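Visitor: sequence first, predicted model second:
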Amino acid sequence: MIWFDLVTPKSVLFFIPIIKEIEKRGRKVLITAREGSGYTEVVELLRLYNMEFVNRGEFGGAGLKNKLHASIERQKSLMEFVTLYNIEKLVCLCSVDANRVAFGLGIPVVNFYDIPLSDWETNFKKALPQARLTLPLSNKVFKPFVVPDEIFLRFSLDSEQIFTYDFIDPLIWLKDFKPDFSYVEKILKPYNLDLSKKLIVIREEEYKSSYVDKKYPILYEALENIKTLTDANIIIIPRYESEYLKNEFPFATILEEKVVIQHLLAYADLFIGGGGTLNTEACFFNTPTISTRSFICHYDKYQIDEGLMCWVSTKDELLKKVIELLSKNKEEKENPFLSMDLNIQKMVDQILK
């Protein structure tokens, strides 16, 4: 049995095609997940895509002590649970808890990771805590072409343990996706928006994660100005609790339901994101994209260099870029995603080998 520990929304989307390919080959799969107070995205996505899973442990929140406590408790829970099964190997996006349990029990670890550093060069002082706690435990690591091998070699892996794939991660779930505007109309109908106006979709940075050191204010400080300057529909996709967003930004629509958000990203006139995955998805759809992330990682840099995404670091830069991008019509342009090589069968061959 192949064990997948899915602890972020991205890991759900990324591994669904791989899990289906493994199951198609007659192999059994065990999926574990986690949730917590104000953090339910992972389990909601698993339910949305009808994936069977078992919840073990919780998200620890923003504080380091609570994170560590939740992690220790989750490791104990996972250890008790997975020893009930005959696990051949663990596959995950560098889940700290699952890595520690698998390593401790002698289960081979297959890690996928596209963001080992909060930096687009090889500055190891910017190594993410998650990478430090997992990559050295890997039997195999899969990574996209934009991240240099050198980083993984410095995490004590040998070159034959490193497998490079020739695409940016979201392509695996977007390649065959067909956007549907009637779906957008349906999910926005309860909010009574004037859809003849421009549509700006916004996502916060993952400020409670271990790799973001604080909640950066530029996006929040600029939102009211963006509304005044553009008179656009502003839709916020909450990352954590939604109540404070409703109170702070009454002029915005807070999308609380878990929906197939890719339809909305495809038809947005502008996307502003503090994270990585939705930014890349918006780039895939040629939607003008502004990153307010507090750092630039390797795939961010690739998208900036390819002219798919802008990065801003101040409120003034953000407002200027919003006006500039909204004044242009959304245009079809050559997109490097479409020429990337995606071979799930080959990846699964290597996972199972």
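Guide: Here it is on my side, so go on.

Visitor: send the alpha carbons of stretch 139-146 over as PDB?
Guide: The C-alpha coordinates for stretch 139-146 follow below in PDB (Å, rounded to 0.1, in the frame of the first residue of the first chain):
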ATOM      1  CA  ASN A 139      14.900   8.100  -0.500                       C
ATOM      2  CA  LYS A 140      13.900  10.000  -3.600                       C
ATOM      3  CA  VAL A 141      13.100  13.600  -4.400                       C
ATOM      4  CA  PHE A 142      11.100  14.900  -7.400                       C
ATOM      5  CA  LYS A 143      11.400  18.600  -8.300                       C
ATOM      6  CA  PRO A 144      10.500  20.900 -11.200                       C
ATOM      7  CA  PHE A 145      13.200  22.000 -13.700                       C
ATOM      8  CA  VAL A 146      13.300  25.500 -12.300                       C
END
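
Visitor: got a list of contacts for it?
Guide: 89, 108-114, 116, 135, 152, 157, 161-169, 298-299, 301-302, 347, 350-351 (Cβ atoms under 8 Å, 6 or more residues apart in numbering). Every residue, glycine included, has its C-beta placed from N, CA and C.

Visitor: max-length helix in the protein?
Guide: helix 64-82 (DSSP state H).

Visitor: what mean pLDDT does that one have?
Guide: The pLDDT scores in helix 64-82 average 93.

Visitor: right, and the helix or strand after that helix?
Guide: Remark: after helix 64-82, the chain's next helix or strand is strand 89-92, criterion DSSP states H and E.

Visitor: next, the angle from the helix or strand following that next one to helix 64-82.
Guide: The C-terminal neighbour of strand 89-92 among helices and strands, as given by DSSP H and E, is helix 96-105. Orientation of helix 96-105 against helix 64-82 (axes from the mean of the first three to the mean of the last three Cα atoms, to 10 degrees) gives an angle of 50 degrees.

Visitor: which strands or helices does helix 96-105 pack on?
Guide: Packing partners of helix 96-105 (3 or more Cβ pairs under 8 Å, 6 or more residues apart in numbering; DSSP states H and E): strand 2-6, helix 64-82, strand 89-92, strand 109-112, helix 129-134.

Visitor: so how far is the longest one off the chain centroid?
Guide: So the one you mean is helix 64-82. 22 Å (Cα atoms, centre = their mean, to the nearest Å).

Visitor: repeat for stretch 42-57
Guide: 16 Å.

Visitor: tell me the buried residues in that stretch?
Guide: Residues of stretch 42-57 classed as buried by neighbour count (16 or more other Cβ atoms under 10 Å): 42-43, 45-46, 51, 53, 56-57.

Visitor: look up the pLDDT of Y240 for me, please.
Guide: For Y240, the predicted pLDDT is 71.

Visitor: let's number from 306 now, not from 1
Guide: I'll keep to 306 as the first residue from here, and by that count the last item is Y545.

Visitor: what about the contacts of stretch 444-451, which are in helices?
Guide: Short answer: the contacts of stretch 444-451 in helices (DSSP H) are 457, 603-604, 606-607, 652, 655-656.

Visitor: the lowest-mean-pLDDT helix or strand in the chain: what's the following helix or strand?
Guide: Within the chain, no helix or strand scores below helix 548-553, which has a mean of 86 by mean pLDDT, DSSP states H and E. Using DSSP H and E, the helix or strand that follows helix 548-553 towards the C-terminus is strand 558-559.

Visitor: so where do the strands sit in this structure?
Guide: 307-311, 334-340, 359-363, 394-397, 414-417, 445-449, 467-470, 504-508, 538-542, 558-559, 575-578, 594-596, 615-616 (DSSP state E).

Visitor: measure L623 to F386 for me?
Guide: Separation of L623 from F386 (Cβ to Cβ, to the nearest Å) stands at 45 Å.
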